[in-house]
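Chemist: any chance you can model this:
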Amino acid sequence: MNTAQQTARVGLFFLLGVALVWVTFETLSDGHLFEERSHTLIAGFDDLRQLKAGDEVRLAGVKVGSVKTTRLAGRRAEAVLQVDPKVPIASDATATIVMAGLIGGNYIAISMGTPGSTPLADGAEIRTEVSPDLNTIMSEIGGLGKQLQDSLGSFSKAFSGDGKDGGGIIQKLDKLVTENSDRVNKTMTNLQEITDKINNGQGTLGLLVNDPKLHDQLLATVSEIKTAATDAKTFVSNAEGIMDQIKSGQGTLGTLIYDQKAADDIRTSLANIRTVSDKLAKGQGTLGKLISDDSLYNSAETTIKKVDRTLDGLNDSGPITAVGIAVNALF
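Modeler: Predicted structure coming up:
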């Protein structure tokens, strides 16, 4: 083998090595060897739930990066997310730790956020949201199972009893039925007799059930009751209308109650009537004297007697004589 062939072989192996190294770097760098990979976001959680470096970061289910590292920051844990700089993350987006499957790992799921929102800057902190994980769900299911078991135990104890207080509900019901079997039989017999009477049209209830005439009369009575109720409602409505008119001062009664002038006139009239009655009681005035003075009554009685005598004399005398008698009798 000459020197030229050896040189060609060495050069060929060198080129193959360079190509192999290039392919290896391209693979490891996911085809972004010379692009910027410094766009990072900080996601803080109370518990990372076995999240580790290298786990995926997905936006709407599409992989857009990975977890660069995890760390403790005071009272919380933080995941540093390395995201493709070509994919903007909205400022109101939310990061959540999601379980990939029952036996799979976890990953960071980022929501899309509001369209048009300002994207997060490099090194900014993204809002986070806690979702239930498998351990929490299993713990809650276990607690629920224990509560269900305790409830079933309580039901079983209540039904079957614990050997105290006369047994459980089943035993007490059996004892109650056994002790009162005669009464139950009598009650059932009475119920059967009652239903037979009703079917045969006996008694008030039987007649109501079997006699169409009574049924029609009952319906007519109910209709009359409804009519009376309607009339009562109308009366009440009219009474309310009258009361409203009275309250507003309308009508005679409303005027008497709310019109001050009418009230003053009534007071004046009552005062005048009281004055007149007082004068009559004291014998003042013509009517008062007629009521209280006996002499006027006696004079009137005497005059009436004279008139009677005069009339008697007129019947027995002539016209001229009658005139004279009348004058003498009266004067």
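
Chemist: how many residues are close by residue 105?
Modeler: 14 (other CB atoms under 10 Å). No exception for glycine: its C-beta is placed from N, CA and C like everyone else's.

Chemist: report the strands that pair with the helix or strand where residue 71 lies, each with its relative direction.
Modeler: Assigning secondary structure by DSSP states H and E places residue 71 in strand 62-73. Sheet neighbours of strand 62-73, with direction, are listed as strand 56-59 (antiparallel), strand 76-83 (antiparallel) (DSSP bridges).

Chemist: what comes up buried for the shortest one?
Modeler: Neighbour-count burial for strand 56-59 flags 56, 57, 58, 59 (criterion: 16 or more other CB atoms under 10 Å).

Chemist: for stretch 40-47, same thing?
Modeler: 40, 41, 42, 43, 44, 45.

Chemist: tabulate the strands paired with strand 62-73 (TSV), appending distance to residue 99.
Modeler: TSV is the format used below for the strands paired with strand 62-73 (distance: least, CB to CB, whole Å):
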stretch	distance to residue 99
strand 56-59	13
strand 76-83	15
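
Chemist: among those, which is nearest residue 223?
Modeler: strand 56-59 (74.5 Å; CB to CB).

Chemist: give me the contact list for the closest one.
Modeler: Outside strand 56-59, the residues that touch it by CB atoms under 8 Å, 6 or more residues apart in numbering are 63-67, 81-83, 87, 89, 107-110, 112.

Chemist: residue 82: how many residues sit nearby?
Modeler: For residue 82, using other CB under 10 Å, the count is 18.

Chemist: so what's it scoring on pLDDT?
Modeler: Looking at residue 82, its pLDDT stands at 93.

Chemist: now do the contacts for the nearest residue to it once chain neighbours are set aside.
Modeler: Of all residues not flanking residue 82 in the chain, residue 68 sits nearest, at 4.2 Å (CB to CB, 6 or more residues apart in numbering). Taking CB under 8 Å, 6+ apart, we find residue 68 in contact with 40, 53, 80, 81, 82.

Chemist: how about residue 118?
Modeler: 90, 91.

Chemist: can I get stretch 60-72 as CSV, trimmed to CA atoms?
Modeler: Extracted in CSV, the C-alpha atoms of stretch 60-72 (Å, rounded to 0.1, in the frame of the first residue of the first chain):
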residue,chain,number,x,y,z
ALA,A,60,-52.3,22.0,24.3
GLY,A,61,-50.9,18.4,24.2
VAL,A,62,-48.0,19.3,21.9
LYS,A,63,-44.4,18.9,23.3
VAL,A,64,-42.8,22.4,23.3
GLY,A,65,-39.9,21.8,25.8
SER,A,66,-38.8,19.9,28.8
VAL,A,67,-38.0,20.3,32.5
LYS,A,68,-34.5,21.6,32.8
THR,A,69,-34.1,21.1,36.6
THR,A,70,-36.1,21.0,39.8
ARG,A,71,-35.1,22.8,43.0
LEU,A,72,-36.4,24.0,46.4
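
Chemist: can you list the buried residues in it?
Modeler: So for stretch 60-72, counting by 16+ other CB under 10 Å, buried means 64, 65, 66, 67, 68, 70.

Chemist: helices of the stretch 151-300 of the chain, start to end?
Modeler: Secondary structure of the stretch 151-300 of the chain by DSSP state H, counting those that start in this stretch: the helices cover 169-179, 181-199, 203-210, 212-247, 251-258, 260-282, 285-292, 294-316.

Chemist: do you know the pLDDT at residue 55?
Modeler: On the pLDDT scale, residue 55 gets 91.

Chemist: go on, residue 1?
Modeler: 53.

Chemist: same question, residue 128
Modeler: 93.

Chemist: confirm that it sits in a strand.
Modeler: Yes - per DSSP: H, G, I helix; E, B strand; the rest coil, residue 128 lies within a strand segment.
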